[in-house]
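K.L.:
kindly generate the corresponding structure for this input.
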Amino acid sequence: MSQHRLRPALLLGALGVVFGDIGTSPIYALRESLRAAGPAGGEQAVFGVVSLVIWAILIVVALKYVVFVMRADNAGEGGTMALLSLALRSAGRRRPAVLLAGLVGASLFLGDAMITPAISVLSAVEGLKVAAPPVAPYVVPIAAAVLLGLFSIQSRGSGRVGLWFGPVMAVWFVLLGGAGLVHLVAQPRILLALNPACALAYAHHAGFRTLFTVLGSVFLALTGGEALYADMGHFGRTAIRLTWFAAVLPALGLAYLGQGALVLADPAAARDPFFSLFPGWSLVPVVILSTAATVIASQAVISGAFGLVRQAIQLGVVPRLTITQTSAEEAGQVYAPQVNWLLAIAVLGLVFGFGSSDALANAYGIAVSGDMLVTTILVSLVALAHWRWPRGLVVPVAALFGLIDLTFVASNVHKIPAGGWFPLLVGAVLLSLMWVWHKGRAIAFERRDEEAVRLSDFIAGLDRPNAPKRTRGTAVYLTRQTDIVPAALALNVAHNGVVHDHVVLLKVETERAPRVAEADQVTLEDLSSGFRLVRLRFGFAEAPDVIGTFARHPEALGCDTNRASFFIGRETPVPSLSPDLSAWEERLYAFMTRNAASASDYFCIPPERVVELGTRVEM
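P.N.:
Take a look at the predicted model:
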């Protein structure tokens, strides 16, 4: 596990990046929950809804994620792909099902990554309606401008953008706790909501249909809880746990209790209980601060999407995309331009299409609850197979969390016609893309290697009279299998009839650990006739920088990288008379192949050193 020395800067950074999403939920979560309860519930509804919110946070976020899920660190890394990598190690015959579950979770997370910036920034800017009602018609354009600015600066790196995150969020949580405490002191009877009996009594009184509608809105208070686990690799388990229990949880508790106390004193405040916490003279500064906080929440989700996509590429379930490292110190700080602008288009479309945070709340929740259910399934498999916990312990814990997750999934189902279809549609599209790519790559490699020559036979034949001519220089051929001749080498011999004096067969491997120690990154094996097999190992959270690695390990290549030529094969899928892919899968795979980043870009090999040889592969 990666070590994170506990220090104030680390705690402040965790406060800024990890808790931005869940820290801005008080802006809209209780408002939507009280609206779902309806005015007929009276004070019992206020007590019941506040109790449901607080106990949902305690059970799902504090107990499930902070205490239980965060134990599942993959060499210090967290998140859906890190958890999937752990679960696959012992999956055995269940591997396809486990892989599918992990891909579902990743797809839903990316769907959530589109909604979070839209609803967060919109809900904050909507405070202008309270502070300055004449500005109301301009709320949507202002929110869109803020979001466009956020996506425009992503190429500078989250590290530089995040320098201000910690202090701003520290002020934000102080504001949440302080404002809530003022109203709590004025109406201390709201403390009765800390008794879970209030939640149970309200559930019994409200009835099944109203309860499920309310739970769908209560879930909004939990969005961002998965970020605690996803960002574990950046700050460490201890810093996140300490910051959560010492600062974030108390501030959130006071904020929700304070809003409940305010509504008890003034039922009309239920229309917007968060901004009603503040006196009129302070609303403009509060709106500015809340907008900054929601931008930070959005930044954390966007950065998480970049990291997840890179890990998915490394695990072979997403086509190669352009990934730029934005920090020389932090491996997790990356920028994916295609992902960034696709997210920007989707987020701006949501802002203009839905037009308000109230409408977006109907689309929010179904994807996150589904992702949380997938996390429960995967971490339970890890606890059984990887941690070797007894089944008698894992099954009850998994059943408890699974039942809660299923309840929240079911309570969000009613949102599907009103907007919940959007993240489900996005998730379905992304899942299809990942599954078809994974399946298509396996078939393409199998078809390509069907007629491949054994490497040992090829090397032995170089001494025969009719062998290809040898030419000066060093040639590097990327290969997947070490026992057969790479397709690019076979094509070079077929077309040019030559083999270089020095041939390096390069196998780039992605480990199921996030990072590989420098000492274990390179292994080499000298073969006969000037051939050498070199293995470069990278973690799934690392950029596969081939040239940089050879520069640090010159003995592996045997010459300066500027004197070597890199031969790369490129497969073009074509229809087959006996296809293994359906027609739509074949067209989709061909489209992704054409638009994937080149191997030279992905492996950080200068184009002037690359010779690309193409071949047609029947699918």
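K.L.:
where do the helices of the stretch 351-500 of the chain begin and end?
P.N.:
If DSSP state H, counting those that start in this stretch is used as the criterion, the helices of the stretch 351-500 of the chain fall at 357-361, 366-385, 391-412, 421-448, 455-460, 487-496.
K.L.:
mind checking which of those helices is nearest residue 225?
P.N.:
Among the helices of the stretch 351-500 of the chain, helix 366-385 comes nearest to residue 225, with 7.5 Å by CB to CB. Heads up, the C-betas are built off the backbone N, CA and C, glycines and all.
K.L.:
report the rounded mean pLDDT for that closest one.
P.N.:
Here helix 366-385 scores 91 as its mean pLDDT.
K.L.:
check the offset of that helix from the chain's centre.
P.N.:
14 Å (CA atoms, centre = their mean, to the nearest Å).
K.L.:
for stretch 562-582, same thing?
P.N.:
In terms of CA atoms, centre = their mean, the centre of stretch 562-582 is found 29 Å from the chain centre.
K.L.:
any idea of the mean pLDDT in that stretch?
P.N.:
Here the average pLDDT along stretch 562-582 is 76.
K.L.:
may I have that stretch as CSV, with CA atoms only?
P.N.:
Extracted C-alpha coordinates of stretch 562-582, given in CSV (Å, rounded to 0.1, in the frame of the first residue of the first chain):
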residue,chain,number,x,y,z
ASN,A,562,17.2,7.3,-31.1
ARG,A,563,19.0,4.5,-33.0
ALA,A,564,16.2,2.0,-32.7
SER,A,565,13.2,1.6,-35.1
PHE,A,566,9.9,0.5,-33.5
PHE,A,567,7.7,-1.7,-35.7
ILE,A,568,4.0,-1.8,-34.8
GLY,A,569,1.2,-3.8,-36.3
ARG,A,570,-2.2,-2.3,-36.9
GLU,A,571,-5.2,-4.6,-37.5
THR,A,572,-8.1,-3.5,-39.7
PRO,A,573,-11.2,-5.5,-38.9
VAL,A,574,-13.1,-6.8,-41.9
PRO,A,575,-16.3,-8.9,-42.2
SER,A,576,-16.0,-12.7,-42.0
LEU,A,577,-18.0,-15.5,-43.6
SER,A,578,-18.2,-17.1,-40.2
PRO,A,579,-18.3,-14.0,-37.9
ASP,A,580,-17.9,-14.2,-34.1
LEU,A,581,-19.4,-10.8,-33.7
SER,A,582,-22.9,-9.8,-34.7
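K.L.:
on the three-state scheme, residue 505 is what?
P.N.:
Put simply, residue 505 is strand when judged by DSSP: H, G, I helix; E, B strand; the rest coil.
K.L.:
going forward, count from 57.
P.N.:
With 57 as the first residue, the last one maps to residue 561.
K.L.:
now it: how far from residue 514?
P.N.:
11 Å (CB to CB, to the nearest Å).
K.L.:
residue 149 now?
P.N.:
Residue 149 is 35 Å from residue 514, by CB to CB.
K.L.:
confirm residue 569 sits in a strand?
P.N.:
No - secondary structure of residue 569 (three-state DSSP): coil, not part of a strand.
K.L.:
what about it, how many residues nearby?
P.N.:
Using other CB atoms under 10 Å, residue 569 has 21 neighbouring residues.
K.L.:
cool, residue 655 as well?
P.N.:
19.
K.L.:
hey, where'd the strands end up in the protein?
P.N.:
Taking DSSP state E to define them, one finds strands in the chain at 380-381, 390-391, 525-534, 554-566, 578-582, 587-594, 620-630, 666-674.
K.L.:
now for the second one, which elements pack on it?
P.N.:
If I follow you right, that is strand 390-391. Strand 390-391 makes packing contacts with helix 339-370, strand 380-381 when contacts are defined by 3 or more CB pairs under 8 Å, 6 or more residues apart in numbering; DSSP states H and E.
K.L.:
what's the mean pLDDT across the last one?
P.N.:
Averaging pLDDT along strand 380-381 gives 72.
K.L.:
likewise the longest one?
P.N.:
Averaging pLDDT along helix 339-370 gives 83.
K.L.:
mind listing what's buried in that helix?
P.N.:
339, 342-343, 345-370 (16 or more other CB atoms under 10 Å).
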